[in-house]
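Visitor: here is my input; please provide its structure:
(one chain, ligands or ions: 1)
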Amino acid sequence: MSSSSPSHPSASTTPSPNQPNQSVGLPATEAKTNESTFVCNVCKTVIMLKNMATEWINEERELPLQRQKKGIDSTETEVVQGYFGVKDMFAFENIGFTRSAAGKRFLVCGECEQGPVGFVDSETQMNYVAPSRMDTQ
Ligand SMILES: [Zn+2]
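Guide: Numbering: from 1, shown residues only. Predicted structure coming up:
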């Protein structure tokens with residue numbers, strides 16, 4: 001009366017979920033796609049069909065204002081938060097590129113060049129578009 005099988009699972013490495021919430025300022029990239037088709041909010045041309053984006057970044061970036069006042073040299077910008085990431089520019093239906101004086105590349109409507117609707121990351125060549133700069137269809 002002594003054989004008792006030790007059936008205790010000895011896996012006692014519980015990872016402590018003690019994560020200090022210090023993710024402020026870090027790029028919060030998550031896998032996510034766009035659930036609706038994005039169209040230009042001026043000419044209604046389809047810019048990107050739905051389900052083409054591969055990631056979402058909840059970052060704040062400065063984009064030039066959509067309507068630049070003529071006769072002003074300096075580019076006025078505003079902070080836009082939240083971008084869908086698209087790796088391949090061929091994922092777009094209609095897209096155009098502009099280059100700022102500082103060498104930054106921005107994405108504009110391929111039909112009427114309204115925008116920018118997003119920007120190109122110069123390191124990764126990823127394209128990022130802001131839903132707040134476009135209409136959905
Ligand atoms: Zn347009």
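Visitor: the residue positioned nearest the centre of the chain bridge partners, please.
Guide: The residue lying closest to the centre of the chain (C-alpha atoms, centre = their mean) is Y83, at 2.5 Å. Beta-bridge pairing for Y83 (DSSP bridges): I57.
Visitor: V108 now?
Guide: Beta-bridge partners, per DSSP bridges, of V108: G96.
Visitor: contacting residues for it?
Guide: 95-98, 114-117 (C-beta atoms under 8 Å, 6 or more residues apart in numbering). C-beta: built from backbone N, CA, C; applies to glycine.
Visitor: contact residues of the protein facing the ion?
Guide: 40, 42-43, 45, 109, 111-112, 114 (C-beta under 5 Å from the ion).
Visitor: tell me the one of these nearest E123?
Guide: Distances from E123 to those, taken as C-beta to C-beta, are shortest for C109 (24.8 Å).
Visitor: shaky segments in this protein?
Guide: 1-27, 68-73 (pLDDT under 70).
Visitor: ok so, going back, want to throw the contacts of V108 into CSV with neighbour count and distance to V79?
Guide: As requested, the contacts of V108 are exported to CSV (neighbours: other C-beta atoms under 10 Å; distance: C-beta to C-beta, whole Å):
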residue, neighbour count, distance to V79
I95, 22, 22
G96, 18, 23
F97, 16, 22
T98, 14, 19
Q114, 20, 19
G115, 27, 16
P116, 26, 13
V117, 28, 15
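Visitor: for N127, state which of these is nearest.
Guide: I95 (7.8 Å).
Visitor: touching, that closest one and L49? I think so.
Guide: No - I95 is beyond contact range of L49, at 11.9 Å (criterion: C-beta atoms under 8 Å).
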